[in-house]
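**Student:** Sequence first, then the predicted structure:
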Amino acid sequence: MRISANTVPQIAEYARSGRVVVFDTETTGCSRWDEICQIAAVEYVDGVRARTFSVYVCPTCEMNPWAEGVHGLSLDFLAEHGLAPEEAMRQFFEFLGSDALLVAHNNKFDMRMLGQECRKFDISFAPDGIETCDTLALARHLRPGLDSYSLANLIEALNIDGTNSHDALDDTLACAGLFFKLLGCVN
């Protein structure tokens, strides 16, 4: 959903009285050859946290050392604890369901990674009634003039509980806190 003066009230109303799924991915890198190695999501119904989801994914590609340095997930750890990409995506899409606002910080990246994963592993993703919202764009619109719009800096600047640890579940919870705080909703 494009962020504008017209859409922010609609997003806020949906946050208070709809189904919101906030998600995040950790990846093996940022290129078109990279894959998701962790995906997490938190569901809110009528502004109240309802369920959480988090899985590690065993990638079929190499791990970029820079990416491993960010999130700390090694290929050995993922081989032991990760699901096959197809199974991880099936579980995530089952959790997501339909008729939700799908929220992420810099969601262009996470949505691109979801699309890459689906194409690479021939996974169908056609959710019914899913709109997307980017907390990066929302923060830029509602809080202009900040020095940085990284999740970590927004958490600190807006005094939001949570950390930007680069664990997908931690980051999802922090992003949810940001989303509801920006919209003036209680979660």
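**Tutor:** Ah, there it is.
**Student:** buried residues in stretch 44-51?
**Tutor:** For stretch 44-51, a neighbour-count test (16 or more other C-beta atoms under 10 Å) marks 44, 47 as buried. (Each C-beta comes from the backbone N, C-alpha and C, glycine too.)
**Student:** Can you get me a residue count around A104?
**Tutor:** Look at A104: counted by other C-beta atoms under 10 Å, it has 26 neighbours.
**Student:** how about the strands of this protein, start to end?
**Tutor:** 19-27, 36-45, 48-56, 100-104, 130-134 (DSSP state E).
**Student:** quick one, which of those is packed in tightest?
**Tutor:** strand 19-27 (a mean of 26; mean count of other C-beta atoms under 10 Å).
**Student:** coming back round to it: out of the strands of the chain, flag the one nearest A5.
**Tutor:** Among the strands of the chain, the nearest to A5 by C-beta to C-beta is strand 130-134 (15.1 Å).
**Student:** mind checking how far the nearest residue to N106 once chain neighbours are set aside is from V70?
**Tutor:** Excluding its sequence neighbours, the residue lying closest to N106 (C-beta to C-beta, 6 or more residues apart in numbering) is L136, at 4.7 Å. The gap separating L136 from V70 is 17 Å, by C-beta to C-beta, to the nearest Å.
**Student:** How about K108?
**Tutor:** From K108 to V70 the distance is 18 Å (C-beta to C-beta).
**Student:** picking up where we left off before, ok, the residue nearest to N106 to A84 distance?
**Tutor:** In terms of C-beta to C-beta, L136 sits 31 Å off from A84.
**Student:** Show me which of the two is the more surrounded one.
**Tutor:** Remark: of L136 and A84, L136 carries more neighbours, 20 against 12, as counted by other C-beta under 10 Å.
**Student:** ok, now which ones touch the residue lying closest to Q91 once chain neighbours are set aside?
**Tutor:** Nearest residue to Q91 in three dimensions, chain neighbours excluded: V55, at 6.1 Å (C-beta to C-beta, 6+ apart). Applying C-beta atoms under 8 Å, 6 or more residues apart in numbering, we find V55 in contact with 38-40, 82-83, 88, 91-92.
**Student:** In CSV, list the strands of the chain along with mean pLDDT and distance to D171.
**Tutor:** As requested, the strands of the chain are arranged in CSV below (pLDDT from 0 to 100; distance: least, C-beta to C-beta, whole Å):
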stretch, mean pLDDT, distance to D171
strand 19-27, 97, 4
strand 36-45, 98, 8
strand 48-56, 98, 11
strand 100-104, 96, 9
strand 130-134, 93, 14
